[in-house]
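Engineer: The following comprises the amino acid sequence and a computationally predicted model.
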Amino acid sequence: MSIDQRFSREDQDGGVRPVARMVDLQPCPFCRQPLTGKENRANPSARCKTEGCYGNKMPSVNLDVPSDVAAWNRRG
C-alpha cells in the first residue's frame, strides 16, 4: 500500500485527499483505516476519524516530530 493510500487529509469541502508528505504511517490499530491529517498548519498532525472507533478518541500524531511518528508506528 502506498503512502498516499495510507495517509490522507480533509480538504476545505470535507472530502479526503491524499497528502504529499513523505511520512509513512500505519493505519489505525483499532479499525485499520488510514489516518486523516491536517498538513497546512504550523504543526501538521493526523488522527483516526472513523465514527465509533476508539482511535478517534486518541490524541493526534504530530507529523513534524519523528519520535511521535515512530511511536505511532510501533505495535506490540
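Structural biologist: The structure has been received and is ready for your questions. Residues are numbered from 1 along each chain as shown.

Engineer: so where's the longest helix in this protein?
Structural biologist: The single longest helix within the chain, with elements called by DSSP state H, is helix 66-73.

Engineer: Buried residues of it, list them for me.
Structural biologist: By neighbour count with 16 or more other CB atoms under 10 Å, helix 66-73 contains the buried residues D68, V69, W72. C-beta here means a position set from N, CA and C on the backbone, and glycine is covered the same way.

Engineer: cool, stretch 50-58 as well?
Structural biologist: Per 16+ other CB under 10 Å, stretch 50-58 contains these buried residues: T50, C53, G55, N56.

Engineer: Can you report phi and psi for the third one?
Structural biologist: Okay, so that is G55. Torsion angles at G55 (phi, psi; degrees, to the nearest 10) stand at phi -60, psi -20.

Engineer: That one and P29 touch, don't they?
Structural biologist: Yes - using CB atoms under 8 Å, G55 is in contact with P29, at 6.8 Å.

Engineer: all strands for this protein, in order.
Structural biologist: In the chain, the strands defined using DSSP state E lie at 7-10, 16-18, 35-38, 45-47, 61-62.

Engineer: Comparing those strands, which yields the minimum mean pLDDT?
Structural biologist: Mean pLDDT across the strands of the chain is lowest at strand 16-18; the value there is a mean of 48.

Engineer: how far away is P29 from N40?
Structural biologist: P29 sits at a distance of 26 Å from N40 (criterion: CB to CB, to the nearest Å).

Engineer: These two - which one has more neighbours?
Structural biologist: Shown here are P29 and N40; by other CB atoms under 10 Å, P29 has more neighbours (14 against 10).

Engineer: For the more buried one, give me its contacts.
Structural biologist: The contact partners of P29, taken as CB atoms under 8 Å, 6 or more residues apart in numbering, are G55, R75.
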